[in-house]
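Participant: Here is a sequence with its predicted model. Questions after.
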Amino acid sequence: MSEKKPVNFDSSFVGEAIEKALVPFGDIPKPQRVKAVRVGILKLAEADGKLDILAGALLCEVRDSGYWRSWVYVDGKKEVKFESFNDYIEREVPFKRRKAFYLMSIYDKCVTDLKIPI
């Protein structure tokens, strides 16, 4: 497998999407609040999808570049290197191995194979 280039992405979309979703809900009259809540949910859902693709991209980069080989975790009082990419996922990634591989497959298919930009 040839080494892939690091992921290039504009992380500003994350902050912008969340900011747009966080409509000031304080004293909005009910008719406007109903619409604002709906828009907020849709914006957050859109941001979440983009974050999943970004997570898949970064996991692919970690896997393909072997970054995990130089990283350590703390076991008791000593630092220990990860034994494998799977070990890294199981010990450090905040979601299950199955989801990590699912996110990487989405990235590989959509961005690498189909050339859809992120």
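Facilitator: Cool, the structure landed. Residues are numbered from 1 along each chain as shown.
Participant: Would you mark the buried spots in stretch 107-118?
Facilitator: Applying a neighbour-count criterion of 16 or more other Cβ atoms under 10 Å, one finds 107, 110-111 buried in stretch 107-118. To be clear about C-beta, it is placed using only N, CA and C from the backbone, and glycine gets the same treatment.
Participant: In three-state terms, label Ile116 for me.
Facilitator: Of the three states, Ile116 takes coil according to DSSP: H, G, I helix; E, B strand; the rest coil.
Participant: Distance-wise, check the residue nearest to it when sequence neighbours are not counted relative to Glu79.
Facilitator: Using Cβ to Cβ, 6 or more residues apart in numbering and skipping the chain neighbours, the partner closest in space to Ile116 is Cys110 (4.7 Å). Taking Cβ to Cβ, to the nearest Å as the criterion, Cys110 is separated from Glu79 by 36 Å.
Participant: With Glu90 instead?
Facilitator: 17 Å.
Participant: who has more neighbours, these two?
Facilitator: Per other Cβ atoms under 10 Å, whichever of Glu90 and Glu79 has more neighbours is Glu90, with 14 against 10.
Participant: Just the endpoints, please. Distance across stretch 67-85?
Facilitator: From its first residue to its last, stretch 67-85 covers 9 Å (Cα to Cα, to the nearest Å).
Participant: So which bits of that stretch are buried?
Facilitator: For stretch 67-85, burial by neighbour count (16+ other Cβ under 10 Å) applies to 68, 82, 85.
Participant: Nearest to Arg97 among those?
Facilitator: Of all the buried residues of stretch 67-85, Arg97 sits closest to Phe85, with 9.8 Å by Cβ to Cβ.
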